[in-house]
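Asker: after the sequence you'll find the predicted model.
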Amino acid sequence: MNTHIPPEAFAMPQEAEKTGPVLEVEGLSLSFRNEGGLLPIVTDVSFSIGRGEAVALVGESGCGKSITASAVMGLAPDNAVITGEIMLNGQRISGLPPKERRKLCGRHMGFIFQEPMTALHPTLTIGRQMTDTLRHNLALSHRAATDRAAELLAKVGIPRARDILKGYVHELSGGMRQRVMIALAISCGPSLIIADEPTTALDVTIQAQVLDLLEDMRRELDLAMLFITHDLEVVGDFCDRAVVMYAGDVVERATSRAVVETPRHPYTRGLIDAIPAHGETRHRLTPIPGTVPPVGTWPKGCRFAPRCLRADEQCRTRPELGPAGASLVRCWHPVEEARL
């Protein structure tokens, strides 16, 4: 059986000639409606992703990365209030009704979840889940959907693809489950893939294999990819640009190289300083003091100020996102540019 799927098989004719960004997010803010009114979760998030490009959303847990991605995908909770613009292939999608927004999932946007064991259905075979997706989005016959599902599994490096289609998620290893998730995400030819910490639950060797696979898929299929992670080492190796988030704010935005090698925001620098060195002698690890404040307890000024050694009275006023070296940073006192 020929297991190669040419990139043009995934192309969407109406998008083939587009040269602008695949995804544009401008001034995205999200709040949850509760008994006390609106609880802000993320504030004024902006970025764009072009074809074949990977952009990282980086930050500690609780900084707003995953809920930002859910807002883009149209998977935010029902009590979410979203403002700002989300454009997909030049079309505004942020104002679409939920029913119309759901039609974009799979065919136009694919999602790779962090934990396949909870994302994949435990009582349906892998084949059933894949063929249902293909038949719903591409109107394929059962036989054609089964053939394509097997081709996709082979494409992501799963041996005995036809046998795997008959199995269940609990019968697979962690790496195999994540490969199934990747196959599902690319199955209907989306132009955008959102990967929500797809390697967190995997050991180091399998992490590297999954990242290599994602890189191959991105290059071969010319995908735009939003990559959510807390690991800046992955950002430097895998992504073109990075958006660093803290407590619902974008605090630094730059190329991945600039973020990793010459971080300008004290928070970004703190994340870098907390990364263990591999095979070399480096300064002692310096953890960032404190923790991310819970939603609803953010300071009125700079949200990082309570944990920042550079904070002063000026930081009681919220800074705007402005230029500092090769980055845009939300900081009154950016770190002096010095190669790490």
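Answerer: Right, received. Where do you want to start?
Asker: count of neighbours near residue 143?
Answerer: Burial measure for residue 143: 9 neighbouring residues, criterion other Cβ atoms under 10 Å. Every residue, glycine included, has its C-beta placed from N, CA and C.
Asker: surely residue 51 meets residue 191?
Answerer: Yes: counting by Cβ atoms under 8 Å, residue 51 does reach residue 191; the two are 7.2 Å apart.
Asker: what touches both of these two?
Answerer: Any residue near both residue 51 and residue 191 by Cβ atoms under 8 Å, 6 or more residues apart in numbering counts here, and that gives 22, 223-224.
Asker: so which of those belong to strands?
Answerer: residue 224 (DSSP state E).
Asker: one step back: who has more neighbours, residue 51 and residue 191?
Answerer: Between residue 51 and residue 191, residue 191 has the larger neighbour count (other Cβ under 10 Å), namely 24 against 18.
Asker: correct me, but the more buried one touches residue 49?
Answerer: No: judged on Cβ under 8 Å, residue 191 makes no contact with residue 49 at a distance of 9.8 Å.
Asker: okay, and the common contacts of these two?
Answerer: Joint contacts of residue 191 and residue 49 (Cβ under 8 Å, 6+ apart) are 22, 224.
Asker: now the helices: where do they sit in the stretch 101-250 of the chain?
Answerer: With DSSP state H, counting those that start in this stretch as the criterion, the stretch 101-250 of the chain has helices at 116-119, 126-138, 142-155, 161-165, 174-186, 204-221, 232-238.
Asker: of these, flag the one that's most buried.
Answerer: Mean neighbour count (mean count of other Cβ atoms under 10 Å) peaks for helix 174-186 among the helices of the stretch 101-250 of the chain, with a mean of 24.
Asker: just the residues contacting that one, thanks.
Answerer: Applying Cβ under 8 Å, 6+ apart, the set of residues contacting helix 174-186 is 10, 110-113, 116-117, 119-120, 126, 129-130, 133, 149, 152-153, 155-158, 164, 169, 172, 193, 195, 198-199, 201-203, 206, 209-210, 213-214, 217, 221, 223.
Asker: circling back to that earlier point, now the shared contacts of residue 51 and residue 191 in TSV, with distance to residue 297?
Answerer: Listed next are the shared contacts of residue 51 and residue 191 as TSV, based on distance: Cβ to Cβ, whole Å:
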residue	distance to residue 297
22	36
223	38
224	35
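Asker: OK, contacts around residue 62?
Answerer: Contacts for residue 62 (Cβ under 8 Å, 6+ apart) come out as 247, 292, 294-295.
Asker: which one (most neighbours) among those?
Answerer: Counting neighbours by other Cβ under 10 Å, residue 247 leads the contacts of residue 62 with 27 neighbours.
Asker: so that residue sits against residue 298, correct?
Answerer: Yes: Residue 247 is within contact range of residue 298, at 5.4 Å (criterion: Cβ under 8 Å).
Asker: show me where pLDDT drops low in the stretch 101-250 of the chain?
Answerer: Along the stretch 101-250 of the chain, no part satisfies pLDDT under 70.
Asker: can we see that at 90?
Answerer: Residues of the stretch 101-250 of the chain meeting the criterion pLDDT under 90: 101-103, 106, 113-118, 198-207, 230-234, 236-237.
Asker: thinking again about what came up before, closest one to residue 67 out of the shared contacts of residue 51 and residue 191, please.
Answerer: Nearest to residue 67, judged by Cβ to Cβ, of those is residue 224 at 19.9 Å.
Asker: residues near that closest one, how many?
Answerer: The number of residues near residue 224, taken as other Cβ under 10 Å, comes to 24.
Asker: distance-wise, check it relative to residue 101.
Answerer: Using Cβ to Cβ, to the nearest Å, we find residue 224 at a distance of 18 Å from residue 101.
Asker: for the helix or strand that contains residue 41, buried residues please.
Answerer: Per DSSP states H and E, residue 41 falls inside strand 37-49. Buried residues in strand 37-49, counted by 16 or more other Cβ atoms under 10 Å: 40-49.
Asker: each with direction, which strands does the next helix-or-strand element following it pair with?
Answerer: Sequence order places strand 54-58 as the next helix or strand after strand 37-49, per DSSP H and E. Here strand 54-58 has these sheet partners by DSSP bridges: strand 224-229 (parallel), strand 241-246 (parallel).
Asker: so can I have JSON lines of the ones you listed showing distance to residue 76?
Answerer: Below are these laid out as JSON lines (distance: least, Cβ to Cβ, whole Å):
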{"stretch": "strand 224-229", "distance to residue 76": "15"}
{"stretch": "strand 241-246", "distance to residue 76": "16"}
